[in-house]
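Student: Just the structure for this:
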Amino acid sequence: MSQNSITPARRLRNIIGGSAGNLVEWFDWYAYAAFTLYFAPVFFPSDNPTTEYLQAAAVFAVGFLMRPIGAWIMGVYADRKGRKAGLTLSVSLMCAGSLIIGCTPGYATIGIAAPLLLLFARLLQGLSVGGEYGSSATYLSEMATAKHRGFWSSFQYVTLISGQLLALMLLILLQNTLSETALASWGWRIPFFVGAGLAVVVFWLRRRLDETGAFKAEDEKSAPKSSALLLVLKHPKEALLVLGLTAGGTLAFYTYTTYLQKFLTNTAGFSKATATEISAAALLVFMLLQPAVGALSDRIGRKPVMIAFGVLGVLCTVPIMSTLATTTSALAAFALSLAALVIVSGYTAINAVVKAELFPAHIRALGVALPYAIANALFGGTAEYVALKFKLEGHESLYFWYVTGMIGVSLLTFIFMRDTKHRSAIVHDD
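Tutor: Predicted structure coming up:
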């Protein structure tokens with residue numbers, strides 16, 4: 001079936017199918033962050049909670065180091081074999097990683113093998129997520145029509161946030177149905193088994209997706225074969241743009257999503273349950289904002305939306321984080337968290353489509369995935385570790401300035417890059 005013959009209903013089914021898989025991928029990925037408060041002592045026993053969190057955060061960060069490798073391997077795979085094939089492979093690896101985490105005994109039972117198995121599982125999941133981002137961003141951007149590409153591609157982060165939100169909601173459910181002892185002993189394993197089961201369902205769904213017309217058109221033209229060398233030699237400017245616009249955006253995103261829950265507990269002094277509820281409520285509104293911001297970019301362009309994120313991020317990060325650190329009101333903490341996430345929406349809602357619009361189809365999945373994954377490994381995956389390290393050394397406020405500085409780097413990138421809505425490399429359209 002050609003792209004031109006895809007009916008609106010079938011196109012919507014493809015977008016929903018691709019998005020549903022993305023949701024499960026990110027549920028599995030974020031379950032680690034959401035349940036760290038409970039399983040960190042199982043794998044990294046210590047007398048200091050910050051030390052336990054720090055060691056668990058180090059494994060979280062190492063998982064990100066595999067994302068560039070996954071982006072490279074599966075980006076090339078998706079460019080050569082198809083977006084559908086890349087999406088199917090990535091969810092298979094995520095399923096395996098989740099099962100390993102769910103089944104691994106604790107340090108008290110098998111000693112050093114426990115954290116080593118945890119590390120192996122996260123490396124496997126890092127490979128998966130590294131390939132998932134490029135494949136899904138490319139698939140959604142190519143499947144959408146030009147007029148509404150910002151809107152439809154925003155569903156990548158809708159499902160990404162949904163995955164994180166579902167992980168938090170499951171945590172809230174377990175916090176309210178299991179005792180603290182049961183949750184810390186065995187309850188934390190539940191989300192990893194749930195994620196593995198959902199991944200099996202998604203594997204079946206993704207095998208039924210239509211391939212995009214943009215990939216078929218390039219395949220028929222016998223375009224150059226995707227490779228990291230081709231990316232570096234032929235598209236170095238675009239790759240550097242992806243690095244620059246991702247650096248501050250991903251650091252801000254992980255600061256206000258995965259790290260926020262621990263920050264509210266470990267710094268602001270909220271209970272684990274209250275911190276989880278604040279994070280979940282803010283994420284819910286954040287998720288609902290993504291299509292609106294994506295649609296706005298379809299009307300006014302991508303560049304103004306990203307610049308708004310950059311300017312507000314530079315001006316507001318330190319005040320928001322400093323106030324959050326001292327607030328005792330859950331409502332105030334929610335309002336501040338939401339304000340930060342509204343700002344970050346200027347990046348999250350459209351970053352996927354902006355990256356996809358920079359590259360021609362024969363290297364699009366790799367071009368989107370690899371530089372993004374490198375920036376994520378350097379800044380997103382290390383966000384919790386750096387924040388906790390600053391806190392452990394007694395200089396927590398320096399982290400706020402670090403986030404501000406990296407958003408400033410991305411702001412400069414936004415200012416000097418082209419508006420991809422008006423000069424898009426996605427030329428195949430209905």
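Student: what's the helix or strand for L289?
Tutor: helix 272-300 (DSSP states H and E).
Student: Same check on L412?
Tutor: Here L412, judged by DSSP H and E, is contained in helix 397-416.
Student: by contact count, what packs against that helix?
Tutor: Helix 397-416 sits against helix 236-256, helix 302-326, helix 383-392, with contacts defined as 3 or more Cβ pairs under 8 Å, 6 or more residues apart in numbering; DSSP states H and E. From N, CA and C alone the C-beta is placed, and that goes for glycine too.
Student: list the buried ones in that helix?
Tutor: Judged by neighbour count (16 or more other Cβ atoms under 10 Å), helix 397-416 contains these buried residues: 399-400, 402-404, 406-411, 413-414.
Student: Can you dump the C-alpha atoms of it in CSV for me?
Tutor: Extracted in CSV, the C-alpha atoms of helix 397-416 (Å, rounded to 0.1, in the frame of the first residue of the first chain):
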residue,chain,number,x,y,z
SER,A,397,22.2,25.3,44.0
LEU,A,398,25.0,25.0,41.5
TYR,A,399,22.9,22.4,39.7
PHE,A,400,20.3,25.0,39.1
TRP,A,401,22.8,27.2,37.3
TYR,A,402,24.1,24.2,35.4
VAL,A,403,20.7,23.6,34.0
THR,A,404,20.3,27.3,33.1
GLY,A,405,23.6,27.3,31.3
MET,A,406,22.8,24.3,29.2
ILE,A,407,19.4,25.8,28.2
GLY,A,408,21.3,28.9,27.2
VAL,A,409,23.4,26.7,24.8
SER,A,410,20.3,25.3,23.3
LEU,A,411,18.8,28.8,23.0
LEU,A,412,21.8,29.9,20.9
THR,A,413,21.2,26.9,18.6
PHE,A,414,17.5,27.8,18.2
ILE,A,415,18.3,31.4,17.3
PHE,A,416,20.8,30.5,14.5
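Student: what angle separates that helix from helix 302-326?
Tutor: Going by axes from the mean of the first three to the mean of the last three Cα atoms, to 10 degrees, helix 397-416 is angled at 170 degrees with respect to helix 302-326.
Student: what's helix 397-416 in contact with?
Tutor: With contact meaning Cβ atoms under 8 Å, 6 or more residues apart in numbering, helix 397-416 is reached by 241, 244-249, 251-252, 255, 303, 306-307, 309-311, 313-314, 317-318, 321-322, 347, 379, 386-387, 390-391.
Student: Just the buried ones from those residues?
Tutor: 241, 244-249, 251-252, 255, 303, 306-307, 309-311, 313-314, 317, 321, 347, 379, 386-387, 390-391.
Student: Of all the helix elements in this structure, which one is longest?
Tutor: helix 113-143 (DSSP state H).
Student: how far is that helix from where the chain is centred?
Tutor: Centroid separation for helix 113-143 versus its chain: 10 Å, with Cα atoms, centre = their mean, to the nearest Å.
Student: pLDDT averaged over that helix - what is it?
Tutor: Mean per-residue pLDDT for helix 113-143: 83.
Student: any residues touching the helix or strand following it, and which ones?
Tutor: Going down the chain from helix 113-143, the next helix or strand is helix 149-153, by DSSP H and E. For helix 149-153, the external contacting residues (Cβ under 8 Å, 6+ apart) are 15, 137, 140-141, 143-145, 291, 294-298, 302, 349-350, 352-353, 356-357, 421, 424, 426.
Student: ok, now stretch 295-305?
Tutor: With Cβ under 8 Å, 6+ apart, stretch 295-305 has contacts from 147-151, 154, 293, 346, 349-350, 353-354, 357, 414, 417-422.
Student: give the contact list for T246.
Tutor: 351, 371-372, 375-376, 379, 410.
Student: how about a cut-off of 7 Å?
Tutor: Listed by Cβ atoms under 7 Å, 6 or more residues apart in numbering, the contact partners of T246 are 351, 372, 375-376.
Student: So which of those is the closest to T88?
Tutor: Nearest to T88 out of the contacts of T246 is Y372 (Cβ to Cβ; 20.4 Å).
Student: my read: the closest one touches G244, true?
Tutor: No. Applying Cβ atoms under 7 Å as the test, Y372 and G244 come out as separate, 11.1 Å apart.
Student: mind checking which helix or strand the residue most central in space within the chain is in?
Tutor: Centroid-nearest residue in the chain: L160, 6.0 Å away (criterion: Cα atoms, centre = their mean). Using DSSP H and E, L160 maps to helix 155-177.
Student: where's that helix relative to the chain centroid, distance-wise?
Tutor: 13 Å.
Student: Now that helix: average pLDDT?
Tutor: Helix 155-177 shows a mean pLDDT of 87 in the predicted model.
Student: Going by contacts, tell me the helices and strands next to that helix.
Tutor: helix 8-34, helix 113-143, helix 190-206, helix 272-300 (3 or more Cβ pairs under 7 Å, 6 or more residues apart in numbering; DSSP states H and E).
Student: quick one: contacts of the helix or strand just after it?
Tutor: Remark: after helix 155-177, the chain's next helix or strand is helix 180-185, criterion DSSP H and E. Helix 180-185 is contacted from outside by 38, 41, 174-175, using Cβ under 7 Å, 6+ apart.
Student: Top of those by number of neighbours, please.
Tutor: Y38 (21 neighbours; other Cβ atoms under 10 Å).
Student: For the closest residue to that one other than its chain neighbours, give its distance to L174.
Tutor: In space, and not counting its chain neighbours, Y38 is closest to W188: 4.3 Å by Cβ to Cβ, 6 or more residues apart in numbering. Going from W188 to L174 by Cβ to Cβ, to the nearest Å gives 8 Å.
Student: next one: S226
Tutor: Noted for S226: a distance of 43 Å to L174, by Cβ to Cβ.
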